[in-house]
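Participant: A structural model of the following input is requested.
(2 chains)
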Amino acid sequence: MDSDWLTVSSFERSIDIISAINTISAHTKFLLAGINDPTPQNHINAAQAKLVSFLRMFQVLLGELDTDQREAVLGADPRMAELIQRYLALQRTQNSSDRLYSLPIDDVIQLLNLDNLDRLPEVVAYLGELRILIEQHSQTDVTRMLGKL
Amino acid sequence: MQQILEKKNRVLLEDIRTLRVSIENAIPPAQLQPYRDHIYLLCQEIERIVLSNLTRLKIIAQVDLLAEIMSDTTVATHWIMHLSAMLVPPIHEPAGNYPISLEVLSWLHSIHSNSSTSFPAIMHGSWSVLPFAEGRLPIYRVPYLERRRLLFQPLLFHEFGHVLYALHRPEMDDLVKEMQENILDLLVPISRRNDRYDRLQSHFRETIAYTWYKWIQELFCDAVGFTIGGPCFLHAFAFYLSMLQPTDFCDAPQNLANSSHPTTWLRVRFLVKRSTEQGFLELGRRIDGEWQKIADAISVTEDYYGFYDAPLENTVSQAVEDMLIEVDPKHYTLEQNEVHLNSAKSPLPLLDEAWKVYEQDRESYTEWENVQLPRFLTEVTKTPKN
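Facilitator: Numbering: from 1, shown residues only, chains lettered A, B, ... in the order given. Purely as a prediction, here's the structure:
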């Protein structure tokens, strides 16, 4: 009776979010280029919903740490907690112009509607940085799930 | 780089199509058909991602999608490895490998409406469950030795608890968070210093609360196990987990911190309390007595080094009760046992009877099981499934 299930959950969540990021990022680039995106609209909508849901959860957990002056993230599995703590550690050390740490999450959620054409490049930049964060974070889960030769 | 990605995605396309064909050609037991169907849909989705990569590579001169294609290639690679290593093999297991476990799982999932969107599969391994797709595609692992035996099948009820947690994740995490906050409040000392020692103590309190995220889930799953299985679960649990080693009873604080499971004795204590409250006094007393005897024999004293103490009992118990209300597992009843012993509908009477026979006369148990288990499985194939 082990807790691999938390690793499973984290692994699947990470690759789901990365896939959603890629779908929206690509779609945004198609919009910027004025070219039709061959991705079915229902897939784009699903990816948007997934990303928004993830960002809202992320925002809540970040806010609680700030408010309660705690180190530990409560009510979240340890891998999600580690992602939050990694984000906060990078926020303290990274370039303040990095959109991942400077753009308020509420703004990002609004921008993901992709109706503000002037700010589409910011969406692409933000999603690129978010993708890097989650890909680096997910390496632990990938190794645990799939092993290493 | 384009050529590398093109080559990689062509290989992935071949791999996913091979997996898809293997799923089409598989003939799993009837209970695994829904699982197979969902894995097939997943393969189709991965194939779509790979085809999308190949399409995007053709127009990369017009839209720079290199970052997205590289990342999606990695996503597809991981999914295919995951499918190949974990998700597809269960549907290729011979039908006769896990006959009783399959029936127990079929019954478990069919009687709980909140798992109607969950399609179980089974493979060999240590007792555990991997609730893929947020609990919708759980793969239960059963040890080789137990796959054709009755006594420890009730341990599947605990694993089902993990699936229920996954299916109700947001609500369950909220309840756990509330418990963790209560634990933090209970651990704050009456008077506090304002120095480095206080900061260390504060960090320790948070470590305790943080550790309880995983611990409460195990206690919850134990409670699900007993709620569904009653005495046969407690018998199976107390017997199987008794390793006769000191760490069953007491472990060093550095091992407790951030550990995945509470000390086994603590789990037994909570189960005994639950069984006593539900009227199984004799059984509870006996199990508690056995564990105390073993603890005395190996000279260990109950101590959880702050990770658990009496003041936390109500908070922890209340959290488990709230979680049970949320998922509403089917309750074991004595009436069910008496009426349905010869019915193939529920395996529970057989599992109960197995422990009764085993406890009364261990010498003749194997002979009893060799007759009753095939009889049950024959009856089940005749009984129409709801």
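Participant: okay, B:Gln153: pLDDT?
Facilitator: Looking at B:Gln153, its pLDDT stands at 96.
Participant: and it, helix, strand or coil?
Facilitator: Three-state assignment for B:Gln153 (DSSP: H, G, I helix; E, B strand; the rest coil): coil.
Participant: which parts of chain A are helices?
Facilitator: With DSSP state H, the ranges of helices along chain A come out as A:4-33, A:41-68, A:78-93, A:99-102, A:105-111, A:120-146.
Participant: where's the residue of chain A found nearest chain B relative to A:Glu64, distance?
Facilitator: Chain A approaches chain B most closely through A:Gly75 (2.5 Å), counting by CB to the nearest CB. For every residue, glycine as well, the C-beta is placed using N, CA and C. According to CB to CB, to the nearest Å, A:Gly75 stands 8 Å off from A:Glu64.
Participant: was I right about B:Ala354 contacting B:Asn370?
Facilitator: No. Counting by CB atoms under 8 Å, no contact exists between B:Ala354 and B:Asn370, whose distance comes to 11.9 Å.
Participant: give me the low-pLDDT residue ranges for the chain?
Facilitator: In the absence of a named chain, this looks at chain A. A:1-3, A:66-71, A:94-97, A:148-149 (pLDDT under 70).
Participant: my question was about chain B, not that one.
Facilitator: Low-confidence segments of chain B (pLDDT under 70): B:191-193, B:334-344, B:383-386.
Participant: if I pick the residue nearest the centre of chain A, what's in contact with it?
Facilitator: Central residue of chain A (CA atoms, centre = their mean): A:Leu130, 5.0 Å from the mean position. By CB atoms under 8 Å, 6 or more residues apart in numbering or on different chains, the contact set of A:Leu130 is A:21, A:100.
Participant: from A:Tyr101, how far off is it?
Facilitator: Going from A:Leu130 to A:Tyr101 by CB to CB gives 11 Å.
Participant: any idea how far the residue lying closest to B:Ala236 once chain neighbours are set aside is from B:Ile100?
Facilitator: Spatial nearest neighbour of B:Ala236, excluding adjacent residues (CB to CB, 6 or more residues apart in numbering or on different chains): B:Pro154 at 4.3 Å. From B:Pro154 across to B:Ile100, the span is 11 Å (CB to CB).
Participant: now swap in A:Glu122 and tell me
Facilitator: Counting by CB to CB, the gap from A:Glu122 to B:Ile100 is 58 Å.
Participant: so between these two, which is more surrounded?
Facilitator: B:Ile100 (23 against 16; other CB atoms under 10 Å in any protein chain shown).
Participant: A helix includes the more buried one, no?
Facilitator: Yes. According to three-state DSSP, B:Ile100 belongs to a helix.
Participant: tell me which element the residue of the stretch 101-250 of chain B found nearest chain A is part of?
Facilitator: Here the stretch 101-250 of chain B gets closest to chain A at one residue, B:Lys177, 2.5 Å apart by CB to the nearest CB. Assessed by DSSP states H and E, B:Lys177 sits inside helix B:169-187.
Participant: got it, and B:Met123?
Facilitator: With DSSP H and E as the test, B:Met123 turns up in strand B:121-124.
Participant: adjacent strands (with direction) for that strand?
Facilitator: strand B:137-142 (parallel) (DSSP bridges).
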